[in-house]
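Q: A predicted structure for the sequence below; I have some questions about it.
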Amino acid sequence: GRGRTVVDILATWLWVVTHPLQIHRARKRRNPFRRSREADWLRLQRSGSNRMAVLLGERTSENRVVAATRAGRARLRDATSAESSSRLAIVLAVVVPLLLAFGARNIWLGVLPSMREFTTLGDSVGSLFSEWWTGWRASGLGEPAVPPASIGGLGALGTLLAFSAGAARRVLLLAPLVLGPVGMWRLLPRGTSLRARAAGIAAYGLSPIALNALGEGRLQALLGYALLPWLLRRVSRHAALEPLVPEGYREGPALRRYAGTSLMVGIVAAVSPLAAVISVVAVVLVLLGPALAGQARKASLAMRGVLVGLLGAALVNLPWLLEALRGGDQASLTGLWEGRAPVPSASDMLTGSLGDLRMGLLGWGVVAAAAVPLVTGRKWRLGWAAGGWIAVVGGLAAAALAGDSDFLAGAGAEALLVPVAFGLALAVSMAPLAFEEDVVRSDFGIRQVLSFAAVGALLLGLLPQLVASTQGRWYLPEGDFDRALADVDSGDDFRT
């Protein structure tokens, strides 16, 4: 090879270092014959290696690194063009709903226990209508009370389902598992990057916060989980926030827009006012990101729409709300009351390890993937990713404050951490958009490396859910107090 050349160069430098006086005398003898200054020679000598200049220079015909970078950039652009399909995105978009359904295969038609917020709806549809019409609550010893509007709605739903109150309860408890992922898929309009929609549904549909809420019997958390993507989608489209507004979308009358938002929030508020309030606050926090990224006017319009929707929802449920406040029954209204309850750590809250589904170190994969668009994104991609992280910080702060105040005994941490699940999923969905819009058009660097690393991190973050799906119920127990006491109620030979 070039070993002799290397030895000669090293020997030359060694001689220069060990003979400074001889070099000084030689330069002094040469000074009378010089026609240029020493500074001019130093500038030429410090210009660097001629070989590296040829390799990296933009003006030469032999700029190999620049040519390779441009060729790689064109390759990435072709690979991420709208015409080319992504096999990984298609696999995620198909496998995630199937995995979610497979993990709940023993729940769809199996036993739904009566526990925590998964309460029964009575013996028949008639009892629901009777409670709604007469205002007499039959629980316990019975008492007069203004029933929530959800009682009548569940009675109507049970009537449509072959007069079955149990079927209405099953729809109420399991519908969020479908509505949440579908809402996340439809949050980005048709024609947007398939990779972004697939990443969003993967991070949100298999969120450990939602799955642990199901396993722990937290209905309020599941209702907020189902509402959040649909609420953000609605108010963002009305405000024409990029990129959530589809092409050719026409804005309807203001009254119709506000009425639809109020109805959407009011349906959830009729079951859980806490879930409705948390969802509205989370949407406002998310909208702070686009507001800081150059869409301040549109974001303010969306904020106004969601706040008007909350006010309209309160008017729809006003009789029930006033009755609960006047009777001092804020605990049943909000689902929050003071009591001793385990407080999860900050890492458990961020990774969603709140129940039997433990994420471990792999839970940080989704968190890492959600952090990538903060580095790679520009313009509205960075704005929406930042908005997602603002919601994450807000959810963590609310859960930590409730834990320090001993207010997790009721709704649990899951209801307050739903914005964390949504914020992470929104930020994850921005990573492919940032890659296609911002990273591909730049030279090779750390942003390309982070973008590819985000894909691996997201897939690693879904491995615990893949293993947990084999259990068949997402760790929702089969037994409850009703089944335990059934022997006592029906048997004659027992001892207490």
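A: Thanks, I have it. Fair warning: this is a prediction, and the values are worked out from it, not measured in the lab.

Q: Which residue ranges of the stretch 1-150 of the chain form strands?
A: 136-137, 143-144 (DSSP state E, counting those that start in this stretch).

Q: and those strands, which one is worst for confidence?
A: In terms of mean pLDDT, the lowest-scoring of the strands of the stretch 1-150 of the chain is strand 143-144 (a mean of 65).

Q: Could you identify the longest helix within this protein?
A: The longest helix of the chain (DSSP state H) is helix 379-404.

Q: tell me what that one is packed against?
A: Judged by 3 or more CB pairs under 8 Å, 6 or more residues apart in numbering; DSSP states H and E, helix 379-404 is in contact with helix 273-292, helix 346-351, helix 364-371, helix 373-376, helix 412-434. Placement of C-beta: from N, CA and C, glycine included.

Q: Now do whatever helix or strand comes next after the longest one against helix 364-371, angle only.
A: The element immediately downstream of helix 412-434 (helix or strand, assigned by DSSP states H and E) is helix 446-461. Compare the direction of helix 446-461 with that of helix 364-371 by axes from the mean of the first three to the mean of the last three CA atoms, to 10 degrees and you get 150 degrees.

Q: what is the rounded mean pLDDT of the very next helix or strand once past helix 446-461?
A: Sequence-wise, the next helix or strand downstream of helix 446-461 (DSSP H and E) is helix 463-468. Throughout helix 463-468, pLDDT has a mean value of 94.

Q: What of stretch 476-487?
A: 69.

Q: Please enumerate the strands of the stretch 151-300 of the chain.
A: With DSSP E, counting those that start in this stretch as the definition, the stretch 151-300 of the chain shows no strands.

Q: For Thr334, find the nearest of the helices and strands packed on helix 379-404.
A: Closest approach to Thr334 among those (CB to CB): helix 273-292, 4.8 Å.

Q: Give me the number of neighbouring residues for Gly377.
A: Gly377 sits with 25 neighbouring residues when counted by other CB atoms under 10 Å.

Q: quick one, what contacts it?
A: Ala385, Met430, Ala431, Leu433, Ala434, Asp438 (CB atoms under 8 Å, 6 or more residues apart in numbering).

Q: switch to 6 Å and redo it
A: Residues in contact with Gly377, defined by CB atoms under 6 Å, 6 or more residues apart in numbering, are Ala385, Met430, Ala434.

Q: just Phe422 next, same as before
A: Contact partners of Phe422, counting by CB under 6 Å, 6+ apart, are Leu228.

Q: Over to Arg116?
A: Counting by CB under 6 Å, 6+ apart, Arg116 touches Gly217.

Q: per-residue confidence for Trp41?
A: Looking at Trp41, its pLDDT reads 64.

Q: tell me the contacts of the residue positioned nearest the centre of the chain?
A: The centre of the chain sits closest to Ala425, judged by CA atoms, centre = their mean, with a distance of 2.2 Å. With contact set as CB under 6 Å, 6+ apart, Ala425 has these partners: Gly200, Ala203, Tyr204.

Q: same thing with Gly126?
A: Shown in contact with Gly126 (CB under 6 Å, 6+ apart): no residues.

Q: Next, the buried residues of the longest helix of the chain.
A: 380-392, 394-396, 398-400, 402-403 (16 or more other CB atoms under 10 Å).

Q: ok so, going back, now, the contacts of Ala425 that are in helices?
A: Of the contacts of Ala425, the ones assigned to helices by DSSP H are Gly200, Ala203, Tyr204.

Q: wait, isn't the second one in contact with Val428?
A: Yes. Taking CB atoms under 6 Å as the contact criterion, Ala203 and Val428 are neighbours in contact, 4.2 Å apart.

Q: still on that earlier bit, mind giving me JSON lines with the helices and strands packed on helix 379-404 and columns for distance to Leu173 and mean pLDDT?
A: Shown next, in JSON lines, are the helices and strands packed on helix 379-404 (distance: least, CB to CB, whole Å; pLDDT from 0 to 100):
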{"stretch": "helix 273-292", "distance to Leu173": "14", "mean pLDDT": "95"}
{"stretch": "helix 346-351", "distance to Leu173": "24", "mean pLDDT": "93"}
{"stretch": "helix 364-371", "distance to Leu173": "25", "mean pLDDT": "95"}
{"stretch": "helix 373-376", "distance to Leu173": "34", "mean pLDDT": "93"}
{"stretch": "helix 412-434", "distance to Leu173": "14", "mean pLDDT": "94"}
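
Q: Let me have the ones you listed in TSV, adding distance to Gly152 as columns.
A: Formatted as TSV, those follow (distance: least, CB to CB, whole Å):
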stretch	distance to Gly152
helix 273-292	17
helix 346-351	36
helix 364-371	40
helix 373-376	44
helix 412-434	24
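
Q: which one of those helices is the most hemmed in?
A: Ranked by mean neighbour count, the helices and strands packed on helix 379-404 are led by helix 412-434 with a mean of 30 (mean count of other CB atoms under 10 Å).

Q: got a list of what the closest residue to Ala370 other than its chain neighbours touches?
A: Leaving aside its sequence neighbours, Ala370 sits nearest to Ala427 (CB to CB, 6 or more residues apart in numbering; 3.8 Å). Neighbour list for Ala427: Ala370, Pro373, Ala385, Gly388, Trp389 [criterion: CB under 6 Å, 6+ apart].
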